[in-house]
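Chemist: I'll drop the sequence and a predicted model, then ask my questions.
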Amino acid sequence: MDIIWWILIIASFIGSFIALIKPIIPGLPLLWVGYFIYYFLIDKNEFGLWFWLIQIVFTIFIIAVDLLSNRYFLKKQGSSKLSERIGMLSIIIGAFVFPPFGLVLVPFITVFFTELHQKRTSKQAAKIALATVISFLASTIAKFLVQAIMIILFLIWIF
């Protein structure tokens, strides 16, 4: 029976990484599903308070980095609130339109035209659109690294 649980744990960890390029998938909750499967179905005694606290800190860090990096890059370039919202929606849509290039092209194009509509020059609109793409890529790389660390800590903790 443990083999089934391990398959589900591995699948949830893989799913958390797939969520990095398919933003509609809840990546962090999938990571936690893997932890809970191990805890509740394999060994409750393996994880102590320190494990859970470390994982919570990393989870909060991922959420904060995601929000703050997007705001930082976009505010620095003078993005409008509308472009921020359009950019986030476009990333989700871009994951399904011409993947993986849609993750870059769709947000760039939609934010560019949104900023033009907001009476920005084409140079300003391009800078804001590029900032949208860079913020998404930067936060994706950061999330990937932190999630990898979280999984490595999980493995170290149980072995």
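Modeler: Happy to help now that I have it. Numbers count the residues shown, from 1 in each chain.

Chemist: pLDDT at the residue lying closest to Leu137 once chain neighbours are set aside, what is it?
Modeler: Excluding its sequence neighbours, the residue lying closest to Leu137 (Cβ to Cβ, 6 or more residues apart in numbering) is Val104, at 7.7 Å. For the C-beta atoms, the positions are set from N, CA and C on the backbone; glycine is no exception. The score at Val104 is 93. That number is its pLDDT.

Chemist: What of Ile4?
Modeler: Predicted confidence (pLDDT) at Ile4: the value is 97.

Chemist: before we move on, what about Val65?
Modeler: According to the prediction, Val65 has pLDDT 84.

Chemist: which residues touch it?
Modeler: Shown in contact with Val65 (Cβ atoms under 8 Å, 6 or more residues apart in numbering): 139, 142-143, 146.

Chemist: which of the residues in the strand or helix carrying Val65 are buried?
Modeler: Assigned by DSSP states H and E, Val65 belongs to helix 49-76. Buried residues in helix 49-76, defined by neighbour count with 16 or more other Cβ atoms under 10 Å: 51, 55, 58-59, 62, 65-66, 69-70, 73-74.

Chemist: So what's the gap between it and the chain middle?
Modeler: Its chain's average C-alpha position is 10 Å from that of helix 49-76, according to Cα atoms, centre = their mean, to the nearest Å.

Chemist: Kindly report the same for stretch 17-29.
Modeler: With Cα atoms, centre = their mean, you get 6 Å for stretch 17-29.

Chemist: same check, this time on stretch 9-21
Modeler: Here stretch 9-21 is found 11 Å from its chain centre; the criterion is Cα atoms, centre = their mean.

Chemist: show me what contacts the residue nearest to Leu137?
Modeler: Taking Cβ under 8 Å, 6+ apart as the criterion, Val104 is in contact with 94, 133, 136-137.

Chemist: Mind telling me what element it is part of?
Modeler: Under the criterion DSSP H and E, the helix or strand holding Val104 is helix 102-117.

Chemist: after that helix comes which helix or strand?
Modeler: For helix 102-117, the succeeding helix or strand toward the C-terminus, using DSSP H and E, is helix 122-158.

Chemist: buried residues in that following helix?
Modeler: Neighbour-count burial for helix 122-158, with 16+ other Cβ under 10 Å as criterion, is recorded at 124-136, 138-140, 143-144, 146-147, 150-151, 154, 157.

Chemist: Would you mind pulling up the elements that that helix packs against?
Modeler: Counting contacts by 3 or more Cβ pairs under 8 Å, 6 or more residues apart in numbering; DSSP states H and E, helix 122-158 packs against helix 2-18, helix 27-41, helix 49-76, helix 81-94, helix 102-117.
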